[in-house]
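[1] Sequence plus predicted model, see below.
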Amino acid sequence: MRRLLLLCLGLLAVVQLRAQNSYLLQPARVFDGESIHTGWLVWVKGQRIMAAGPPASLPAEARQAQVLDLPGMTLLPGLIEGHSHLLLHPYNETPWDDQVLKEPRAYRVARATKHAELTLLNGFTTVRDLGTEGAEYDDVGLKRAIDEGVIPGPRMLIATRALIATGSYAPKGFSPDLAVPQGAEEADGHDNLIKAVRTQISKGADLIKVYADYRWGPGGTAQPTFTEEELRLIVEIARSSGRPVVAHASTAEGMRRAIQAGVETIEHGDGGTPEIWKLMQEKGVALCPTLAAGEAISQYRGWKKGVDPAPERVQQKKKTFRQAKDAGVTICFGGDVGVYAHGDNARELELMVEYGMTPTEVLQSGTSVNARVFHLEELGKVTPGFLADLVAVEGDPTQAIGAIRKVQLVMKGGQIVKAP
């Protein structure tokens, strides 16, 4: 008993010591989530940022902290990935249908643990994971394992199974005599939708994701799925629990129904029109454009970027992205990573610049904008009182976005998970 007591006391002392880690970070510059500041220092104690600013502005206690010298580097908030699928891996490795139907869920979870680690080590300290794609509620356990320190990974906002209208999603193409497992939960009508939303919430969903349209029209064309009335019901039930609803939508009508129903973000938005962008801006609905996924799929189909002319899909996406930006729609950072490799999340940031945003606007999207849109009130900025999720990269990504790939330091909740 005495030995057990001593062990417990020792463990408590370690926990307390870790909780009180104190660091003084000295980069060349700080991007605070809004703008760049040269010569700033940042003091971290325990899990939080205690001070940030010019050296003279920091309290005397900060000088007693362990100094982390970061010459030539930019310190910024931990990046927030807005659209990930940790339980998927690139479709050129294994087609989506085969991942859903042929890969054991235990195998998919094992892969997801590696995906989570790669995501974190590349500076993405939070992800909004928008559906397990046939892996039921396995994101709940993955999130718990990360939160409890069992495995390394980013903070997670999870959607669990997501919601689809019966017959609208995939896998498809099988005998009508077979009941084929789907990549999300089928539900329709008043009672069934209420039960499905409440069940997903009870299992651990932080948000509800709906597929407002999908490729179930004649010839596989994208068409709306849920009625506007059904979408309003989903939003009403989720909102009564304090949770938002987000919508996969690529058609103008699917987007319109979802926006009018009260969703908070539109995922993809490929077929948006000037009228739709105006409606989104008026309603305060944000766009998560997933540029990288669209380009990745085109490349899997044979497009050689930089050699071949851009496919119509890519050209159209560039057009609608610029329209949305010019209309004043809030642009989130989210690439639909899982379609392409986890850890390569920066691919979306680079494309956002290529498609028309400035590097500073892109960094804002990946930090303070995503934090605001996703209701992450203690993340996304380098400011006193916020959680110390911080990343240091070589160079200045506000001048050249490619610098965001040169990650030297990653800190999550005041704990160093990658050091220079």
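    Received the coordinates, thanks. Please read all numbers here as calculations on a predicted model, not as lab measurements.
[2] For the rest of this, base every contact and every neighbour count on C-alpha atoms.
    Fine.
[3] Confirm Ile80 sits in a strand?
    Yes: the assignment for Ile80 by DSSP: H, G, I helix; E, B strand; the rest coil puts it in a strand.
[4] Distance of it relative to Val391?
    Counting by C-alpha to C-alpha, to the nearest Å, the separation of Ile80 from Val391 is 11 Å.
[5] Looking at the two, which is more packed in?
    Shown here are Ile80 and Val391; by other C-alpha atoms under 10 Å, Ile80 has more neighbours (31 against 26).
[6] What sits closest to the more buried one if chain neighbours are left out?
    Excluding the flanking residues, the one nearest Ile80 by C-alpha to C-alpha, 6 or more residues apart in numbering is Thr126, at 4.8 Å.
[7] Direction included, what does the helix or strand containing that neighbour pair against?
    Remark: Thr126 resides in strand 124-129, with elements defined by DSSP states H and E. Using DSSP bridges, the strands paired with strand 124-129 are strand 79-84 (parallel), strand 155-158 (parallel).
[8] right, and these - which one's nearest Trp43?
    strand 79-84 (19.0 Å; C-alpha to C-alpha).
[9] so where's this structure shaky on pLDDT?
    Along the chain, the model assigns pLDDT under 70 to residues 1-19.
[10] switch the cut-off to 90
    1-20, 420 (pLDDT under 90).
[11] and the angle for the biggest strand by length in it with strand 124-129?
    When the chain is parsed with DSSP state E, its longest strand is strand 66-77. Strand 66-77 runs at 40 degrees relative to strand 124-129, counting by axes from the mean of the first three to the mean of the last three C-alpha atoms, to 10 degrees.
[12] So which elements touch strand 66-77?
    Here strand 66-77 touches strand 22-31, strand 390-394, going by 3 or more C-alpha pairs under 8 Å, 6 or more residues apart in numbering; DSSP states H and E.
[13] how about that strand: buried residues?
    Using 16 or more other C-alpha atoms under 10 Å as the test for burial, strand 66-77 gives Leu68, Leu70, Met73, Thr74, Leu75, Leu76, Pro77.
[14] ok, the last one - contacts?
    Pro77 makes contacts with Phe31, Asp32, Gly33, Thr367, Leu379, Gly380, Lys381, Val382, Asp389, Leu390, Val391, as judged by C-alpha atoms under 8 Å, 6 or more residues apart in numbering.
[15] so how far is Phe386 from it?
    Distance, Pro77 to Phe386, by C-alpha to C-alpha: 10 Å.
[16] Residues that sit against both of those two, list them.
    Common neighbours of Pro77 and Phe386 (C-alpha under 8 Å, 6+ apart) are Leu379.
[17] close enough to count as contact, Ile146 and Pro152?
    Yes: Ile146 lies in contact with Pro152 (C-alpha atoms under 8 Å); the separation is 5.8 Å.
[18] all strands of the stretch 151-300 of the chain, in order?
    For the stretch 151-300 of the chain, strands defined by DSSP state E, counting those that start in this stretch occupy the ranges 155-158, 163-164, 185-186, 208-211, 213-214, 223-224, 245-249, 265-268, 286-288.
[19] Could you export those as CSV, including distance to Val109 and mean neighbour count?
    Below are the strands of the stretch 151-300 of the chain laid out as CSV (distance: least, C-alpha to C-alpha, whole Å; neighbours: other C-alpha atoms under 10 Å):
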stretch, distance to Val109, mean neighbour count
strand 155-158, 15, 23
strand 163-164, 21, 26
strand 185-186, 19, 20
strand 208-211, 20, 27
strand 213-214, 26, 26
strand 223-224, 31, 22
strand 245-249, 24, 27
strand 265-268, 24, 27
strand 286-288, 25, 25
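[20] Dump those strands into a markdown table; add distance to Leu24 as well.
    Formatted as a markdown table, those follow (distance: least, C-alpha to C-alpha, whole Å):
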| stretch | distance to Leu24 |
| --- | --- |
| strand 155-158 | 24 |
| strand 163-164 | 46 |
| strand 185-186 | 48 |
| strand 208-211 | 39 |
| strand 213-214 | 49 |
| strand 223-224 | 52 |
| strand 245-249 | 39 |
| strand 265-268 | 37 |
| strand 286-288 | 35 |
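[21] Of all those, which one is nearest Arg63?
    strand 155-158 (29.9 Å).
[22] CA atoms of that closest one as CSV?
    Extracted C-alpha coordinates of strand 155-158, given in CSV (Å, rounded to 0.1, in the frame of the first residue of the first chain):
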residue,chain,number,x,y,z
ARG,A,155,-7.8,18.0,-31.2
MET,A,156,-10.9,16.7,-33.0
LEU,A,157,-14.3,17.9,-33.8
ILE,A,158,-16.2,14.9,-35.0
